[in-house]
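[1] here is a sequence with its predicted model. Questions after.
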Amino acid sequence: MIVIHGIWVPTQGEAPSGTFFLWGETSIVAPVRSRTPLRSRRGRPGKRSSTQARLHPFLASPEEVLEGLSSMSAGEGGEGEARLSETATHTHTLMLPTIGDAPLVSPGLIREEAPEEEVEPGALVLSPWEVQGIALSAAQVVSWLSLLPECRVAGHPAAMTGASLRFWSVVSKFAMELLARQRFVPSVGRYHRGKVERFTAVWLPLIEDTGESQRVALLAETMPPLCRALVSCGAGEAPSTPPAAGMLVESFLNAAVDGTIRQWLSEAEQGAGKREARYGQKHSVLTAAEKWNEALWAEDPTIHAPAKELRKLEEEIHSWTAQLHAP
């Protein structure tokens, strides 16, 4: 039996992007250990720092996670399973509730050798644990997540969905609803890579009425703690502050909408044959607005144009989209 969890990992400082990290817990227990043995200066075993991440003892392998995901999507046709097969293996550090030398067992995990015990006050602490899993883009998972049932068992006796995965399923349903209602607009994003200012063409969800805003706020309020457990924790460093729930929901919605629309446009191009340049002139002489339009279709969202022109374009587009929010 494995329980599969999901965590959204936004890309810091760039256009709507990130990875959806899937990892699992299994009923088979491995020894609690660090990834590298801890040694003192004299070569003797040293004391373990409270900030040193250890490998999760109930961790399911990435292969087991992928097998469980495939079983969940078996009734949805081959498209969802094919997208889930294009994965990359990642390792992250999570701050998890811990008792003694082991993380607290997931409520959905059945382990006969570890009967439930009462937790004494103060015995439960948050400690860093290293987990391995698979990472996909928001566009790869949003459709599949939206089809997951809201019940705990996902239709397969050997795999179950954890609360975090079910939460992102609800967020994905909202994202797909926005896409189906064509509640999205093209826009310009700006971020810095070092000292260099970058501009990108982005598709953003249009959340303008009170009901939609309340749904986003409610999603943030009901986010399971595990969704915010991801931290950066280097050797000897204190864990970073958990990401804000509202930021995670907004980041996932932005990435899901942007990635899905680009995927649809790419599929439309493939169906109609290779798309010719939209303008009958060299890219170097296109206006900033024309380059922005090109980047809305491209896999790379970067707009290659002078910063001065792009700042003006950004102001004009934001002024245009602001009218959509006017009462």
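    Noted; the coordinates are in hand.

[2] look up which helix or strand Pro128 falls in, please.
    Assigned by DSSP states H and E, Pro128 belongs to strand 124-136.

[3] and that strand, what does it pack onto?
    With contacts taken as 3 or more CB pairs under 8 Å, 6 or more residues apart in numbering; DSSP states H and E, strand 124-136 sits against strand 18-26, strand 54-55, helix 62-72, strand 88-99. Where C-beta positions appear, they are placed from N, C-alpha and C, glycine not excepted.

[4] which residue ranges of the stretch 201-327 of the chain form helices?
    Listed in chain order, the helices of the stretch 201-327 of the chain (DSSP state H, counting those that start in this stretch) span 210-221, 245-272, 288-297, 307-322.

[5] what mean pLDDT does the strand holding Pro128 have?
    What strand 124-136 shows for mean pLDDT is 93.

[6] list the buried residues of it.
    Along strand 124-136, these residues count as buried under the neighbour rule (16 or more other CB atoms under 10 Å): 126-136.

[7] same list, these, but as CSV with distance to Ser266 please.
    Output for the buried residues of strand 124-136, formatted as CSV (distance: CB to CB, whole Å):
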residue, distance to Ser266
Leu126, 42
Ser127, 43
Pro128, 39
Trp129, 38
Glu130, 35
Val131, 32
Gln132, 30
Gly133, 27
Ile134, 23
Ala135, 21
Leu136, 17
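
[8] returning to that earlier point: closest one to Ala295 among the helices and strands packed on strand 124-136?
    With CB to CB, the closest approach to Ala295 among those belongs to strand 18-26: 19.0 Å.

[9] related to what we said a few turns ago, winner for burial among the helices and strands packed on strand 124-136?
    Of all these, strand 18-26 carries the top mean neighbour count, a mean of 24, counting by mean count of other CB atoms under 10 Å.

[10] and the angle from it to strand 88-99?
    Using axes from the mean of the first three to the mean of the last three CA atoms, to 10 degrees, the inter-axis angle of strand 18-26 relative to strand 88-99 is 60 degrees.

[11] how far off strand 124-136 does strand 18-26 point, in degrees?
    Following the same axes, to 10 degrees, one obtains 120 degrees for the angle between strand 18-26 and strand 124-136.

[12] please name every helix or strand in contact with strand 18-26.
    strand 2-10, helix 62-72, strand 88-99, strand 124-136, helix 138-146, helix 245-272.

[13] what residue ranges in the stretch 151-300 of the chain are flagged as low confidence?
    For the stretch 151-300 of the chain, the stretches with pLDDT under 70 are 151-157, 233-239, 271-284.

[14] related to what we said a few turns ago, and the strand holding Pro128, C-alpha only, in PDB?
    Extracted C-alpha coordinates of strand 124-136, given in PDB (Å, rounded to 0.1, in the frame of the first residue of the first chain):
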ATOM      1  CA  LEU A 124       5.700  16.000  18.300                       C
ATOM      2  CA  VAL A 125       8.200  18.300  16.500                       C
ATOM      3  CA  LEU A 126       8.800  19.500  12.900                       C
ATOM      4  CA  SER A 127      12.000  18.000  11.500                       C
ATOM      5  CA  PRO A 128      13.500  18.000   8.000                       C
ATOM      6  CA  TRP A 129      13.100  14.800   5.900                       C
ATOM      7  CA  GLU A 130      14.500  14.100   2.500                       C
ATOM      8  CA  VAL A 131      12.000  12.600   0.000                       C
ATOM      9  CA  GLN A 132      12.400  11.500  -3.600                       C
ATOM     10  CA  GLY A 133       9.700  11.600  -6.200                       C
ATOM     11  CA  ILE A 134       8.700  12.600  -9.700                       C
ATOM     12  CA  ALA A 135       8.200  16.100 -11.000                       C
ATOM     13  CA  LEU A 136       5.900  17.300 -13.800                       C
END
